[in-house]
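Engineer: Sequence first, predicted coordinates after that:
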Amino acid sequence: MITATNITKKFGRITAVSSVSFELADGASLALWGSNGAGKTTLIRCILGVCRFQGRASIGGIDVRRRGRHARALVGYVPQELAFHDDARLASAMAFFAGLRRATPATAARSLAAVGLTGHERKRVRDLSGGMKQRLALAIALLSDPPLIVLDEPTSNLDAAGRGEVVHTLRALKQAGKTLIFASHRPDEVISLADRVLVLERGRVERDTTPAELWPTEKPVQVIRLHLAMAREEDAAEALRRAGHAVHLNGDGLCVAVARDRKAEPISALALHRIEVRDIEVLDDVRFPEVQP
Amino acid sequence: MTALTATPITVHAAPARSFFGGVAAFARREFRDAIASRWFLLYTIAFTVLAVGVSFLSLSGVGSHGFAGFGRTAAGLLNLIMLVVPLMALTAGAGAIAGERERGTLIYLLAQPVSRTQVILGKYAGLATALVCSLCIGFGVSAGVLAWRTGGVGIAAYAMLVAFTALLALAMLSVGVLISVVSRRSAVATGIALFVWLALVFVSDLGLMASSILFRLRVQEIFGLAILNPMQSFKMAVIVNMNASLDVLGPVGAYASFTLGRALPWILAATVAAWAVLPLALATILFARRNSP
């Protein structure tokens, strides 16, 4: 479905993405993982062909640089937060994007129904909640029933219930055979949705791996996110690794996979190194055997 | 949210719309947004009130019979048009791309199956239609007043004034869109647009006068420099169209009338038309070559 070869994107002297290459087969799902500024969003924009870049990228065999709009016809894009004219009504926004994607009004209505937004057509975009905006973005992405869905941290602005709804829908899309590429800061999403994980750091691919390799455990685990009292994430990550924990920095705290009955262990390990934990966030339950294809 | 039911893999989504189909989709949306906006309403009301006011002033004191009501009003409207219409068009154009960029909506639009050329041409076409509608309302109400009082004397000159004004609006809109493409922020674009408006309306006349004295410019050189300003071309075209002699503009006008004769109105109209085409073409090229949205 997607072939990316040596994608490099520079903003002046800063290299945001450096020689990233990967291939993704039809129906597969790929997570982009990395800290803030690792190049996830920029890589997504390159794949979509909305910014100029060096290298090659093709979607369904169509070169995104030469025939961008035809390549993008195969893609449904869901941004971090839907950015559209706040004054527009939901029905009007759907009609506009349906026009761009050659979808009929009936298809637009079906897409809205599929994400549970039927009955909200008269609402203005500014009056929608964060979750509803994301569902609208998803409805727009699905208008032309594209084979590839690209999502840029689709749940980062949502509460737990909203996240659950989006992940549930994405899982259904995956089962329906859609190809997914998504950036995420949440291990639980990556584990439950991705077949592969591209770990990016400073614009480079650090690892091309699987969720199971990234968080290796046979047991049911919970992923917790630790927020430190001071900016010592690198030291903390090193200390936790030495203590035998699978840990990843992602720009918004430390994500640590732990057994469900041993959630305090990482905090104790950090206390030994005089690293204070300010807050702890327990992410969703994850059971690897259920999500492995 | 309703879970999506599993459906067979879609190998090919709907292909991208035709080039003109995409342009028309953006034009329709831009037109709808423009006529729903406050600036459109304010400018339309202001222009209509001023145009009707000028019409009444033209009629008062002379009586409504025995003089060319439309022709006289056209002359009266000329200075009003030269102030208001470029301001309307420049500011409308300045917000076209920079506003989308600042709101973060541009990236989402570009992620759809459209090209940058379609986006910019569609936005231009939509704004141009809205502007011309706004002008037609003002001119239409004014024409109604005049027709009621004078019975339609000189209506041809008035119709040509409307046509030339629409052309001037398209030219200034084109400049506004160019400013919008090169500006990162909407406020900066509006600031530059106001500066250009000031320069074209006031400063260029003074500059031309100063240059002609300082450099002892010949009359043909002064004429050549004068028509580079679309406002001056517009003014001369309207005066010529009203069967008035360009002698009112002094030696330069006399030179133009004498040397160019019947070709003069066409040359002047072509100059304004070139201002409608060239900045838009440059804006399209620059927008297509931008490194990022």
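Structural biologist: Sure, I can see it.
Engineer: May I ask which helix or strand of chain B has the lowest mean pLDDT?
Structural biologist: helix B:251-260 (a mean of 77; mean pLDDT, DSSP states H and E).
Engineer: name the helices or strands packed onto that helix?
Structural biologist: helix B:219-228, helix B:230-241, helix B:264-288 (3 or more C-beta pairs under 8 Å, 6 or more residues apart in numbering or on different chains; DSSP states H and E). All C-beta spots, glycine's among them, are computed from the backbone N, C-alpha and C.
Engineer: how about those, which one is nearest residue B:150?
Structural biologist: helix B:230-241 (18.5 Å; C-beta to C-beta).
Engineer: In which helix or strand does residue A:227 reside?
Structural biologist: Assessed by DSSP states H and E, residue A:227 sits inside strand A:221-228.
Engineer: for whichever helix or strand comes after that strand, what is the average pLDDT?
Structural biologist: Following strand A:221-228 in sequence order, the next helix or strand is helix A:233-242 (DSSP H and E). The average pLDDT for helix A:233-242 rounds to 84.
Engineer: Distance of the residue of the stretch 101-250 of chain A found nearest chain B relative to residue A:147?
Structural biologist: Proximity of the stretch 101-250 of chain A to chain B (C-beta to the nearest C-beta) peaks at residue A:177, 3.4 Å away. Relative to residue A:147, residue A:177 is positioned 8 Å away (C-beta to C-beta, to the nearest Å).
Engineer: Give me the contact list for stretch B:36-53.
Structural biologist: For stretch B:36-53, contacts defined as C-beta atoms under 8 Å, 6 or more residues apart in numbering or on different chains pick out A:87, B:34, B:77, B:80, B:84-85, B:88, B:91-92, B:130, B:134-135, B:137-139, B:141-142, B:145.
Engineer: In strands, which of the residues you listed appear?
Structural biologist: Among the contacts of stretch B:36-53, no member falls in strands (DSSP state E).
Engineer: ranges for the helices of chain A?
Structural biologist: For chain A, helices defined by DSSP state H occupy the ranges A:40-48, A:68-72, A:90-100, A:105-114, A:130-141, A:160-175, A:187-193, A:211-214, A:233-242, A:265-272, A:288-291.
Engineer: the inter-axis angle of the fifth one versus helix A:90-100?
Structural biologist: Translated: helix A:130-141. Angle, helix A:130-141 to helix A:90-100, by axes from the mean of the first three to the mean of the last three C-alpha atoms, to 10 degrees: 30 degrees.
Engineer: Helix A:130-141 and chain B, any residue contact?
Structural biologist: Yes. Using C-beta under 8 Å from any C-beta of the partner chain, helix A:130-141 comes into contact with chain B via residue A:135.
Engineer: that older thread, list the buried residues for the strand holding residue A:227?
Structural biologist: Neighbour-count burial for strand A:221-228, counted by 16 or more other C-beta atoms under 10 Å in any protein chain shown, picks out A:221-226, A:228.
Engineer: Could you dump the helices and strands packed on helix B:251-260 into TSV with mean neighbour count added?
Structural biologist: Below are these laid out as TSV (neighbours: other C-beta atoms under 10 Å in any protein chain shown):
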stretch	mean neighbour count
helix B:219-228	17
helix B:230-241	23
helix B:264-288	18
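Engineer: Pipe these into JSON lines and attach mean pLDDT and distance to chain A per row.
Structural biologist: Formatted as JSON lines, those follow (pLDDT from 0 to 100; distance: least, C-beta to the nearest C-beta, whole Å):
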{"stretch": "helix B:219-228", "mean pLDDT": "83", "distance to chain A": "34"}
{"stretch": "helix B:230-241", "mean pLDDT": "86", "distance to chain A": "31"}
{"stretch": "helix B:264-288", "mean pLDDT": "93", "distance to chain A": "10"}
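Engineer: closest one to residue A:52 among those helices?
Structural biologist: Nearest of the helices and strands packed on helix B:251-260 (C-beta to C-beta): helix B:264-288, 9.7 Å.
Engineer: what does that closest one contact?
Structural biologist: Contacts of helix B:264-288 (C-beta under 8 Å, 6+ apart): B:97, B:115-117, B:119-121, B:124, B:164, B:167-168, B:170-175, B:177-178, B:180-182, B:227-228, B:230, B:233-234, B:236-237, B:240-241, B:246, B:256-257, B:260.
Engineer: same check, this time on stretch B:200-217
Structural biologist: B:82-83, B:86, B:222, B:225-226, B:229-232.
Engineer: one more time with 7 Å, if that's ok
Structural biologist: B:82-83, B:86, B:222, B:225-226, B:229, B:231 (C-beta atoms under 7 Å, 6 or more residues apart in numbering or on different chains).
Engineer: Export it to PDB, keeping only CA atoms.
Structural biologist: What follows is stretch B:200-217, C-alpha atoms only, in PDB (Å, rounded to 0.1, in the frame of the first residue of the first chain):
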ATOM      1  CA  LEU B 200      -1.600  52.600  -4.900                       C
ATOM      2  CA  VAL B 201      -4.200  55.200  -3.900                       C
ATOM      3  CA  PHE B 202      -2.100  58.000  -2.600                       C
ATOM      4  CA  VAL B 203       1.700  57.500  -2.700                       C
ATOM      5  CA  SER B 204       2.000  56.500  -6.300                       C
ATOM      6  CA  ASP B 205       0.500  59.700  -7.600                       C
ATOM      7  CA  LEU B 206       2.900  61.700  -5.400                       C
ATOM      8  CA  GLY B 207       5.800  59.500  -6.400                       C
ATOM      9  CA  LEU B 208       5.000  60.000 -10.100                       C
ATOM     10  CA  MET B 209       4.800  63.700  -9.700                       C
ATOM     11  CA  ALA B 210       8.100  63.800  -7.800                       C
ATOM     12  CA  SER B 211       9.800  61.500 -10.300                       C
ATOM     13  CA  SER B 212       8.600  63.500 -13.300                       C
ATOM     14  CA  ILE B 213      10.200  66.700 -11.800                       C
ATOM     15  CA  LEU B 214      13.300  65.100 -10.500                       C
ATOM     16  CA  PHE B 215      14.200  63.000 -13.500                       C
ATOM     17  CA  ARG B 216      12.600  65.300 -16.100                       C
ATOM     18  CA  LEU B 217      10.600  62.400 -17.500                       C
END
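Engineer: Now find how far off-centre it is within its chain.
Structural biologist: 24 Å (C-alpha atoms, centre = their mean, to the nearest Å).
Engineer: helices or strands up against the strand holding residue A:227?
Structural biologist: Where contact means 3 or more C-beta pairs under 7 Å, 6 or more residues apart in numbering or on different chains; DSSP states H and E, strand A:221-228 is packed against strand A:254-259, strand A:277-286.
Engineer: hang on, isn't residue B:102 packed against residue B:188?
Structural biologist: No. Assessed by C-beta atoms under 7 Å, residue B:102 is found out of contact with residue B:188, at 9.5 Å.
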